[in-house]
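Asker: Sharing a model prediction with you, sequence too.
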Amino acid sequence: MDREYANHLMGIYKDKILHERMKRRLGYFKRVYERDNDKRLFAELAFCICTPQTKARSGAAAIIDLYNHNLLFNGSAEKVANILIKHVRFHNMKAQNIILARKLYFPKEKFILKERINDAIQNGTMVELRNQLAKEVKGYGLKEASHFLRNIGFGQSIGILDRHIMRVMDKLGILPEGMTPKTSLTKNNYLRVEENLVEYSKREKIPMEYLDFVFWFDATNDIFK
């Protein structure tokens, strides 16, 4: 492992101003689940549908735009797509996926997303819930499902992996043997990379939910979500 680079990342984690920003964001995420209703949870779920190959701030702008036009919970795929095209790539596909998620978690005009999450938490692990979401939400993979769970306060044991994170891991020297930042993140590869990231988190004593912020700040000089 590149100790000098690891020390640099530890400096980001321990920086008082940055650490407080990360702590506030994580507190906000936790409150989303504890205090808000299903519609707020669904907005986060839809945000993570919008983020693949799109900047996080653009994905957030798309959700705000949909909400302001009263389309996030009611709009047709066509109307949703007409808003998304201003903010994200693959707007038609993502619009369809938002509609499918709405049908999945809003049957008969009653949201059941929080109920489903509560059941999963009581009967299994967060990793199992993440894997379940990746299977049943169209447009989700392990990364998007992990991102959603972190954004509602459950990022303690899962990794949000993409090429940005893998570049940092490669620079640290903690990617699994034979992998590079360009390695395709199949399910098996994702779990192998995640295992190494969890080990690094424990060794360096940087909690997983903070580690994503630390890596992202190093790569982008930004803390968002």
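Answerer: Good, I have the coordinates.
Asker: Low-confidence ranges, this protein, go.
Answerer: In the predicted model, the chain carries pLDDT under 70 at residues 225.
Asker: Closest to the centroid, which residue in it?
Answerer: Centroid-nearest residue in the chain: His147, 1.2 Å away (criterion: C-alpha atoms, centre = their mean).
Asker: name the element that one belongs to?
Answerer: Element membership for His147, per DSSP states H and E: helix 142-151.
Asker: hmm, who's touching that helix?
Answerer: Applying C-beta atoms under 8 Å, 6 or more residues apart in numbering, the contact partners of helix 142-151 are 29, 32, 44-45, 47-49, 51-52, 126, 129-131, 133-134, 137, 140, 155, 158-162, 185, 187, 190-191, 194, 209, 212, 225. For glycine as for every other residue, the C-beta is placed from the backbone atoms N, C-alpha and C.
Asker: Beyond it, next helix or strand please.
Answerer: Helix 142-151 is succeeded, C-terminally, by helix 163-172 (DSSP H and E).
Asker: Now do that following helix and helix 142-151, the angle between them.
Answerer: In terms of direction (axes from the mean of the first three to the mean of the last three C-alpha atoms, to 10 degrees), helix 163-172 departs from helix 142-151 by 90 degrees.
Asker: Just the CA trace of the helix ranked longest in the chain, in CSV.
Answerer: Criterion DSSP state H: the longest helix present in the chain is helix 16-35. What follows is helix 16-35 as a C-alpha-only set of coordinates in CSV (Å, rounded to 0.1, in the frame of the first residue of the first chain):
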residue,chain,number,x,y,z
LYS,A,16,-11.8,19.6,10.9
ILE,A,17,-13.7,21.6,8.3
LEU,A,18,-14.1,18.7,5.9
HIS,A,19,-14.9,16.2,8.6
GLU,A,20,-17.7,18.5,9.9
ARG,A,21,-19.1,18.7,6.4
MET,A,22,-19.0,15.0,6.0
LYS,A,23,-20.6,14.5,9.4
ARG,A,24,-23.4,16.9,8.6
ARG,A,25,-24.1,15.2,5.3
LEU,A,26,-24.3,11.8,7.0
GLY,A,27,-26.6,13.2,9.6
TYR,A,28,-28.8,14.5,6.9
PHE,A,29,-28.9,11.1,5.2
LYS,A,30,-29.8,9.4,8.5
ARG,A,31,-32.7,11.9,9.1
VAL,A,32,-34.1,11.1,5.6
TYR,A,33,-34.9,7.6,6.7
GLU,A,34,-35.8,8.3,10.4
ARG,A,35,-38.0,11.4,9.9
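Asker: list the helices and strands that helix packs on?
Answerer: Helix 16-35 sits against helix 3-14, helix 38-50, helix 142-151, helix 208-220, with contacts defined as 3 or more C-beta pairs under 8 Å, 6 or more residues apart in numbering; DSSP states H and E.
Asker: Tell me which of these sits most buried.
Answerer: helix 142-151 (a mean of 25; mean count of other C-beta atoms under 10 Å).
Asker: Between helix 16-35 and it, find me the angle.
Answerer: Using the same axes, to 10 degrees: helix 142-151 against helix 16-35 is 90 degrees.
Asker: Report the distance from helix 142-151 to the chain centre.
Answerer: 3 Å (C-alpha atoms, centre = their mean, to the nearest Å).
Asker: try stretch 84-98
Answerer: Distance, centroid of stretch 84-98 to centroid of chain: 17 Å (C-alpha atoms, centre = their mean).
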